[in-house]
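> Here's a sequence, model it:
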Amino acid sequence: MSKTFLELGLNERYVKVLAEKGIETPTKIQEQGIPNILAGKNVVLHSQTGSGKTLAFVLPLLEKLDETKQDTQALIIAPTQELAMQIFQEVKELTKDTTYNVEAFIGSGNIKRQLEKLKKAKPQLVVGTPKRVLELAESKLKLHNVESVVFDEADRQILDKKSNEDYVQLERRMPGNCQFIFASATATPELLNRLSQKVSDPVFLSVNEGIVKNKIEHLFIVGDRRQQVDQLKGIIRNLNVTRGMVFVNNLERVKETVEKLSYHGIKAGPLSSEQDKFERADVMNKFSKGELHILVATDVAARGIDIQNVTHVMNLQLTEEKEGYLHRAGRTGRMGKEGTVISLITRHEINKLKKWAQAFDITLHEKQYQYGKLTDYNKSDRPQGKKPINKQKPINYKPQQPKAKK
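Next up, the predicted model:
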C-alpha cells in the first residue's frame, strides 16, 4: 500500500499545497526518493518522463531547509532556462506560506539585478542554469555552505561534452560533505559508471513503471509518406484534439507542418530551437490559453519544457533512437492521466516500432484512417500488392516475454 506524503516525512504545509493542486498520493519515484534524500544520501533518481521526479527532489530539499540560516543551503541546476523557471515556479508555489528566500538565476536574466539581489540577501535555495550560477559564484553567490545539490536531466549535463565542463566546475565548488542528487529519464551504462566514479555510495532508485505502462494508448498507422500530413490533419479533426503535440525531426519539417495545418484551419504553432525565449514564451502562452491547439516541435526544442495536460502526442516522423519515443510519449499521460500516442509510419518502419514496443513492454494497436474516420486496421482494406511486414498480429502487438532458461 502506498504511503502518504505525511508518512514520508513531509511538513503539512507542503501537503496542503499539493492537495490544492490535486496531488494527494506520491508516485513510485517520490515514495522511494523522498525518504532517501531526507536521510542525506547521495541519490540517482531514474524514472520515465512524467513520473514526478521534480517533486521527488524539491519536496525533501524544502523539508531540509533551515529558516534560521541565512546561507544558500540547496542548489538545483537545470540544463535549460525554461526547465529552471518551471522548477522555480514549483518551488515558489510550495513555499508561498513560508519565509524562505528562494531565487532563480538563469542566463537570460539581467546579471546586474541578480548581483543586487545577492547583495541584499542570501537565498536559501537557488534554481539556476550552469553558466549563470558559475558566473555569480565568482563574486556574490557563496556556495561553500551548500548542503544539497541537484542536477536535473543529469544525462544531458554530464554526457554532453560542453555541458560536462560546467558540471565539473560546479562539482568542484561544492563542499566536501555536500549531498549530490541526480535526476534523469534515461540511465545509460555510461552515465551510471560516471556517477559511480564521481559520487560516494550513491543510491540508485529506478522506477520502470512510468508513462508507457500506465494509461497511455499507443497507436500506429501505416501509410504513404506523402499522405501523412493529410492523415494528420484528419486525425486531429476526427479526434477533436485541442491539446496535442506533433513531433518531427528537423526545423524545416516544423515550418512546413505548421504552414500546412494552419492552411487547413488548424490552430498550430511551432516550438523550435531557433526561436528566442520571447517567441517560445509567446507560443507556450497561446497554447496554455487555448489559442493554439497543436504544438509542432523537434525533440531538442521540447526537451526540458513541462507542457501540462497534453492529451495526444503524434509522431509525424519517428526518432532515430528508441529513447526518443519514450521522451515524446512522456508529454502525455503525465502523473497518471490518460493519453494517446499516434505514430504515422511507413511499411519499412513497422519492425523498428515493434522492437521499441518490446523494449518498453507496451502494446501497439494498428489503426487506419479512411473516409474521415480513425478505425481498427482491417487487413482486407490494405491495397493489394502491399503486404505488411507485420504478418503475425497486425492490429494488436504485445511483445512476448522471453522464456526462462532451463
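> And V254, which helix or strand is it part of?
helix 251-263 (DSSP states H and E).
> Can you spell out which helices and strands pack onto the helix or strand that comes right after that helix?
Tracing the chain C-terminally past helix 251-263 and defining elements by DSSP H and E, one meets strand 268-271 next. On a contact count with 3 or more C-beta pairs under 8 Å, 6 or more residues apart in numbering; DSSP states H and E, strand 268-271 meets helix 251-263, helix 277-289, strand 294-297. (C-beta placed from N, C-alpha, C; glycine too.)
> Can you name every helix or strand that the shortest one contacts?
Taking 3+ C-beta pairs under 8 Å, 6+ apart as the contact definition, the neighbouring helices and strands of strand 294-297 are strand 244-247, helix 251-263, strand 268-271.
> same thing but 10 Å
In terms of contacts (3 or more C-beta pairs under 10 Å, 6 or more residues apart in numbering; DSSP states H and E), strand 294-297 is packed against helix 228-238, strand 244-247, helix 251-263, strand 268-271, helix 277-289, strand 312-315.
> okay, these in CSV with mean pLDDT next?
Compiled in CSV, those are given as follows (pLDDT from 0 to 100):
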stretch, mean pLDDT
helix 228-238, 94
strand 244-247, 96
helix 251-263, 94
strand 268-271, 94
helix 277-289, 86
strand 312-315, 96
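> Single out the most deeply packed of these.
Neighbour counts (mean count of other C-beta atoms under 10 Å) averaged over each of the helices and strands packed on strand 294-297 peak at strand 244-247, with a mean of 27.
> Name every strand pairing with it and say which way it goes.
strand 294-297 (parallel), strand 312-315 (parallel) (DSSP bridges).
> These into a markdown table, with extra columns for distance to G9?
A markdown table is the format used below for the strands paired with strand 244-247 (distance: least, C-beta to C-beta, whole Å):
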| stretch | distance to G9 |
| --- | --- |
| strand 294-297 | 38 |
| strand 312-315 | 35 |
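> out of those strands, which comes closest to D97?
Each of the strands paired with strand 244-247 has some distance to D97 by C-beta to C-beta; the shortest is strand 294-297, at 33.8 Å.
> Number of residues surrounding L191?
19 (other C-beta atoms under 10 Å).
> Then the one 10 residues further on?
Summarising burial for D201: neighbours were counted as other C-beta under 10 Å, giving 7.
> Then Q179?
By other C-beta under 10 Å, 21 other residues sit near Q179.
> so where's the stretch 251-400 of the chain uncertain?
For the stretch 251-400 of the chain, the stretches flagged by pLDDT under 70 are 301-306, 335-336, 379-400.
> Skipping its backbone neighbours, what lies nearest D97 in space?
R13 (5.4 Å; C-beta to C-beta, 6 or more residues apart in numbering).
> Please give the element, helix or strand, for that neighbour.
Per DSSP H and E: helix 12-20 holds R13.
> Please save the CA atoms from the following helix or strand past that helix in PDB.
Past helix 12-20, further along toward the C-terminus, the next helix or strand under DSSP H and E is helix 28-38. Output of helix 28-38 as PDB, limited to C-alpha atoms (Å, rounded to 0.1, in the frame of the first residue of the first chain):
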ATOM      1  CA  LYS A  28       6.600   5.500  -7.000                       C
ATOM      2  CA  ILE A  29       9.700   7.600  -7.600                       C
ATOM      3  CA  GLN A  30       8.600  10.100  -5.000                       C
ATOM      4  CA  GLU A  31       7.800   7.300  -2.500                       C
ATOM      5  CA  GLN A  32      11.400   6.000  -2.900                       C
ATOM      6  CA  GLY A  33      13.200   9.200  -3.400                       C
ATOM      7  CA  ILE A  34      11.900  11.500  -0.700                       C
ATOM      8  CA  PRO A  35      13.000   9.300   2.300                       C
ATOM      9  CA  ASN A  36      16.500   8.700   0.900                       C
ATOM     10  CA  ILE A  37      17.000  12.400   0.200                       C
ATOM     11  CA  LEU A  38      15.700  13.300   3.600                       C
END
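> Could you list every helix and strand that the helix holding V254 packs against?
Here helix 251-263 touches helix 228-238, strand 244-247, strand 268-271, strand 294-297, helix 299-302, going by 3+ C-beta pairs under 10 Å, 6+ apart.
> 6 Å instead, please
With contacts taken as 3 or more C-beta pairs under 6 Å, 6 or more residues apart in numbering; DSSP states H and E, helix 251-263 sits against strand 268-271, strand 294-297.
> Each with direction, which strands does the first one pair with?
Counting by DSSP bridges, the strands paired with strand 268-271 are strand 294-297 (parallel).
> got the contact list for the partner strand?
Strand 294-297 is contacted by residues G244, M245, V246, V254, T257, V258, A268, P270, L271, F287 when judged by C-beta atoms under 6 Å, 6 or more residues apart in numbering.
> From these, pick the one nearest Y100.
Nearest to Y100 among the contacts of strand 294-297: F287, at 31.0 Å, using C-beta to C-beta.
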